[in-house]
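Chemist: Take a look and give me a structure for this.
(chains A and B)
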Amino acid sequence: MTNLMIGRYLPGDSLVHRMDPRSKIVLVFYFICIVFLADNGLSYLVLGLFTLLAVLLTKIKLIYFWRGIRPAIVLILFTVMIQVFFTRGGQIFWSWGPFALSTAGLLNAWFIFLRLVIIICMSTLLTLTTSPLDISSALSSLMTPLKWVHFPVDIIALMLSIALRFVPTLMDETVRIMNAQRARGVDFGSGNLIQQIKAVVPILIPLFVSAIQHAEDLDDAMTARGYRTDAPRTTYRIIQWHTRDTLSFGVFIVLTVIILFVRTA
Amino acid sequence: MYNERKRGNDVEEPIITIDHLTVKYAEQQHPALDDISLTVPAHSWTAIIGHNGSGKSTMIKALTGLVTADAGTMTVAGMPVDEAHIWDIRRKMGVVFQNPENQFVGSTVADDVAFGLENAQIPRDKMIPRVQNALAQVGMTDFATREPAHLSGGQKQRVAIAGIVALAPDIIALDEATSMLDPEGRVAVLQTIRNLKAQQDLTILAVTHDLEEAAAADNVIVIDNGHLVASGTPPEIFARGEKLIDMGLAVPFTEQLKTDLSNAGVPLPAHYLTEEEMAEQIWKLYSTM
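Modeler: This next block holds a predicted model:
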């Protein structure tokens, strides 16, 4: 069941693990933007080497990154095929109606392929080295400016952390319900599509009932412990900014300059 | 604070008073609590017993303002239970609920203990020692960074107790807090509460199914069908054994079932079993036959 979880976190003690989750999130998004600046072999080489360096810094085995890419492989191949057959330019080897095989098409497809792999590796790197808990704290911290427009940042942050906290609980319950239904003769994972969808209903209904029960009890418990949405609260969990975070921003600025220098346009 | 309470008065002031309390849930025909009046002496351990649906948990919910009273008045720690005082009362009276899973709010043990402190707007630098101290008192210091998925039921209940203790309350209410735990967890949780009561002179109000636990209390209150049936010291209450059954306090269903099964020669553990545990026991026996 846990294999289904996207963005699996691998605890560790590397430099990347110890970075502030906020800087990791911001830098990954920034990196994705930079990737779109690349337009020639050299700039992709620089980005590729940079990604490889970052991956090596995490001290996580490469197989885990491959597992991040694997689910996206169909999407990657599809995009690559479209690029190969729909781009015309340079020398055309073969053409049929709207389809064509050309040097420009092959080159574009190669670049798109590199771009997707680089982006997926970087985002996998974020989720592999940052616990969901840190990601949720970081997101709420990054949302803080929205308080100015009266966006309920604290409530959303608490909702996010409670949702994360109940994932394992509800997973356990799903397994238990599935076992109970199996004991009653329900067959999961066989039959045609309609039958498989029908088999999911007896899982979902008890699961919803149980989730609502959890929510009602939790409401009582939180109120009894003095939680009120209309009053300010202090915070126990904080995330700390270190010199290494400032330095990594510096590294990304240098990277941007290099890319701007080597790109063609 | 302790001296202040005792000064010039040998008789303990009641810390909780309930006066003609009636609570009726909208969807039900009969009131969950019907004209209940009682007092709980400060620094005592008071057990409330009664079968399922007798209204004993509703009483704790009424005292902490989680359900509203239809009639009657209550005071907790010298404050009337009303809109103006309810948040202060919730700081003075912590509740440990039945299901360990459904009261764990924080993402880790330390975060959960801090939850009440955050609500009380305690500054972070004062929170840190209070969280550590509270965890030490329930023996969960080594688990501070653990996530709830990796804790047993008994450990989660001890974290819930730490969350209450961190706020330095006068009263801890246990709403069948041990009924979903295995025997080991049950013993650990009750021992934790006993130690805390002794160290901090707390008042304990425990809703329970466990007759052994009730027997160890200072006072026992028997509630049946929303009515107060009896109150007194454990020897007084248990001396009325037959009468209590006449008055409607049926032995819990699982106890009854267990007695009947034992008489029929089916081996079952001696301690009190919840319905789930009973189902599990029967299921185990059935599969070995």
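
Chemist: What does the pLDDT read for residue B:7?
Modeler: On pLDDT, residue B:7 comes in at 42.

Chemist: Let me see the domain layout of the chain.
Modeler: All of this is about chain A. Split into domains by automatic domain parsing, chain A comes to A:2-130+A:241-262, A:142-224.

Chemist: try again with chain B
Modeler: Domain ranges of chain B: B:2-250, B:251-289, per automatic domain parsing.

Chemist: Out of those domains, flag the one nearest chain A.
Modeler: Among these, domain B:2-250 comes nearest to chain A, with 3.5 Å by CB to the nearest CB. Glycine gets a C-beta too; all of them are placed from N, C-alpha and C.

Chemist: how far is that closest one from where the chain is centred?
Modeler: 4 Å (CA atoms, centre = their mean, to the nearest Å).

Chemist: now stretch A:138-158
Modeler: For stretch A:138-158, the separation from the chain centroid amounts to 20 Å (computed by CA atoms, centre = their mean).

Chemist: Would you mark the buried spots in that stretch?
Modeler: Residues A:138, A:139, A:140, A:141, A:143, A:153, A:154, A:157, A:158 are the ones in stretch A:138-158 that count as buried (16 or more other CB atoms under 10 Å in any protein chain shown).

Chemist: One more: stretch A:8-16?
Modeler: By neighbour count with 16+ other CB under 10 Å, stretch A:8-16 contains the buried residues A:9, A:16.

Chemist: got the contact list for it?
Modeler: Contact partners of stretch A:8-16, identified using CB atoms under 8 Å, 6 or more residues apart in numbering or on different chains, comprise A:17, A:24, A:54, A:57-60, A:64, A:125, A:127-132, A:244.

Chemist: And those residues, which is closest to residue B:104?
Modeler: Lowest distance from residue B:104 to the contacts of stretch A:8-16 (CB to CB) belongs to residue A:132, with 16.2 Å.

Chemist: Touching, that closest one and residue A:163? I think so.
Modeler: No: using CB atoms under 8 Å, residue A:132 and residue A:163 do not qualify as a contacting pair, with a distance of 9.8 Å.

Chemist: For those two, indicate the residue with more neighbours.
Modeler: Using other CB atoms under 10 Å in any protein chain shown as the criterion, residue A:132 and residue A:163 rank with residue A:132 on top: 19 against 12.

Chemist: Tell me which helix or strand comes right after the helix or strand hosting residue B:90.
Modeler: Element membership for residue B:90, per DSSP states H and E: helix B:86-92. Later in the chain than helix B:86-92, the nearest helix or strand by DSSP H and E is strand B:93-96.

Chemist: which is the next helix or strand following that next one?
Modeler: Counting by DSSP H and E, the next helix or strand C-terminal to strand B:93-96 is helix B:109-119.

Chemist: just the angle between the following helix or strand past that next one and helix B:109-119, please?
Modeler: Moving toward the C-terminus from helix B:109-119, the first helix or strand encountered (DSSP H and E) is helix B:124-137. Angle between the axes of helix B:124-137 and helix B:109-119 is 130 degrees (criterion: axes from the mean of the first three to the mean of the last three CA atoms, to 10 degrees).

Chemist: Chain A against chain B: which residues are in contact?
Modeler: Within chain A, the residues that sit near chain B (CB under 8 Å from any CB of the partner chain) are A:133, A:136, A:161-162, A:164-165, A:168-169, A:213-214, A:217-218, A:220-228, A:231-238.

Chemist: rerun at 6 Å
Modeler: Within chain A, the residues that sit near chain B (CB under 6 Å from any CB of the partner chain) are A:133, A:161, A:165, A:168-169, A:214, A:217-218, A:220-222, A:224-227, A:233-234, A:236-237.

Chemist: which of these are buried?
Modeler: Neighbour counting over the residues of chain A next to chain B (16+ other CB under 10 Å) leaves A:133, A:161, A:165, A:168-169, A:214, A:217-218, A:220-222, A:224-227, A:233, A:236-237 as the buried ones.

Chemist: most neighbours per residue, which of the domains of chain B?
Modeler: Highest mean neighbour count among those (mean count of other CB atoms under 10 Å in any protein chain shown): domain B:2-250, with a mean of 19.

Chemist: pLDDT score assigned to residue B:255?
Modeler: Looking at residue B:255, its pLDDT reads 64.

Chemist: where exactly do the helices run in the chain?
Modeler: Picked chain A for this. Secondary structure of chain A (DSSP state H): helices at A:21-35, A:41-57, A:62-69, A:73-86, A:103-129, A:132-143, A:153-183, A:193-224, A:243-262.

Chemist: meant chain B, my bad for not saying
Modeler: Using DSSP H, the helices of chain B run over B:2-6, B:56-63, B:86-92, B:109-119, B:124-137, B:153-165, B:183-200, B:211-215, B:234-239, B:241-246, B:253-263, B:275-288.

Chemist: closest one to residue A:103 among these?
Modeler: helix B:109-119 (57.3 Å).

Chemist: Can you see whether the closest one contacts chain A, counting any residue in it?
Modeler: Yes: Helix B:109-119 is in contact with chain A by CB under 6 Å from any CB, via B:111, B:114, B:115, B:116, B:118, B:119.

Chemist: how near is the nearest residue to the third one once chain neighbours are set aside to residue A:220?
Modeler: Spatial nearest neighbour of residue B:115, chain neighbours left out: residue B:105 (4.9 Å); criterion: CB to CB, 6 or more residues apart in numbering or on different chains. Relative to residue A:220, residue B:105 is positioned 12 Å away (criterion: CB to CB, to the nearest Å).
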